[in-house]
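Trainee: I would like to see how this sequence folds:
(chains A and B)
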Amino acid sequence: DAKTTQPTSMDCAEGRAANLPCNHSTISGNEYVYWYRQIHSQGPQYIIHGLKNNETNEMASLIITEDRKSSTLILPHATLRDTAVYYCSPAGSNYKLTFGKGTLLTVNP
Amino acid sequence: GAVVSQHPSWVICKSGTSVKIECRSLDFQATTMFWYRQFPKQSLMLMATSNEGSKATYEQGVEKDKFLINHASLTLSTLTVTSAHPEDSSFYICSARLQGFSNQPQHFGDGTRLSIL
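Mentor: Next comes the predicted model:
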């Protein structure tokens, strides 16, 4: 299974864009990149996923590099409720996610 | 859509007791459900993959006789922690995938906090 590297923590001002990077240099050709977030004492919440094209939904945008070795999750206008641990994980046909340590995003007022 | 419900949210019981946790997909059918465990200040660790109508596939190091998984229908999977001991105290979380659609994400329940005294 592909491994991921994410910054341990990041800070962002409320209302500004939060850009969270993830390195997944060993990703396989058939693996998608999934992003989740976890607020303390809750189950992870699905955010977005993609294969090679950039994706956008009501929560976030996902930018995947051309070589697919890294991606960036963008929260365009961060709010205090976006404070959470963010995880990226490649997953292929077995749909198994691998959760690393994630990035603790703290949105400050 | 894609709501996953777990029950109970909290359970406290004595050592040696067996505890059953239910995971239901409320508005979709799930061919595959997953069970995770999360210790304090650590990440989620996959315990097993549960496919409807067949035996669960356990990750390395997870005792299948201690953590019994049943996936009898497309909307319900159960995890039974048998003869639980204090070291089994943890946050147990399930997830489910939408049946029949490739690359659909897992949707997670809100977890069950298990405390063994």
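
Trainee: residues touching residue 34, list them.
Mentor: Since you didn't name a chain, this refers to chain A. Under the criterion of C-beta atoms under 8 Å, 6 or more residues apart in numbering or on different chains, the contact list for residue A:34 reads A:46, A:48, A:49, A:88, A:89, A:90, A:91, A:97, B:105, B:106. For glycine as for every other residue, the C-beta is placed from the backbone atoms N, C-alpha and C.

Trainee: my bad, chain B
Mentor: Residues in contact with residue B:34, defined by C-beta under 8 Å, 6+ apart, are A:96, A:97, B:46, B:48, B:49, B:50, B:94, B:95, B:96, B:106.

Trainee: which residues in the chain form strands?
Mentor: Picked chain A for this. If you assign secondary structure with DSSP state E, the strands in chain A sit at A:9-13, A:18-23, A:32-38, A:45-50, A:55-56, A:61-64, A:70-75, A:84-91, A:103-108.

Trainee: try again with chain B
Mentor: Under the criterion DSSP E, chain B contains strands at B:4-7, B:10-13, B:19-25, B:32-38, B:45-51, B:57-58, B:67-73, B:76-81, B:90-97, B:106-108, B:112-116.

Trainee: Same list, those, but as JSON lines with mean pLDDT and distance to residue A:20 please.
Mentor: Shown next, in JSON lines, are the strands of chain B (pLDDT from 0 to 100; distance: least, C-beta to C-beta, whole Å):
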{"stretch": "strand B:4-7", "mean pLDDT": "95", "distance to residue A:20": "24"}
{"stretch": "strand B:10-13", "mean pLDDT": "96", "distance to residue A:20": "31"}
{"stretch": "strand B:19-25", "mean pLDDT": "96", "distance to residue A:20": "28"}
{"stretch": "strand B:32-38", "mean pLDDT": "95", "distance to residue A:20": "20"}
{"stretch": "strand B:45-51", "mean pLDDT": "94", "distance to residue A:20": "22"}
{"stretch": "strand B:57-58", "mean pLDDT": "95", "distance to residue A:20": "31"}
{"stretch": "strand B:67-73", "mean pLDDT": "91", "distance to residue A:20": "33"}
{"stretch": "strand B:76-81", "mean pLDDT": "96", "distance to residue A:20": "31"}
{"stretch": "strand B:90-97", "mean pLDDT": "95", "distance to residue A:20": "21"}
{"stretch": "strand B:106-108", "mean pLDDT": "94", "distance to residue A:20": "19"}
{"stretch": "strand B:112-116", "mean pLDDT": "97", "distance to residue A:20": "27"}
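
Trainee: rewinding a little: need the strands of chain A in TSV (columns: mean pLDDT).
Mentor: Conversion of the strands of chain A to TSV gives the following (pLDDT from 0 to 100):
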stretch	mean pLDDT
strand A:9-13	97
strand A:18-23	98
strand A:32-38	96
strand A:45-50	96
strand A:55-56	96
strand A:61-64	98
strand A:70-75	98
strand A:84-91	96
strand A:103-108	98
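
Trainee: With distance to residue B:29 as extra columns, can I get those strands in TSV?
Mentor: As requested, those are arranged in TSV below (distance: least, C-beta to C-beta, whole Å):
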stretch	distance to residue B:29
strand A:9-13	38
strand A:18-23	31
strand A:32-38	21
strand A:45-50	18
strand A:55-56	25
strand A:61-64	27
strand A:70-75	29
strand A:84-91	20
strand A:103-108	33
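
Trainee: ok, what's across the strand from the residue in chain B positioned nearest to chain A?
Mentor: Here the residue of chain B nearest chain A is residue B:108; by C-beta to the nearest C-beta that distance is 3.7 Å. Taking DSSP bridges, one finds residue B:95 as the beta-bridge partners of residue B:108.
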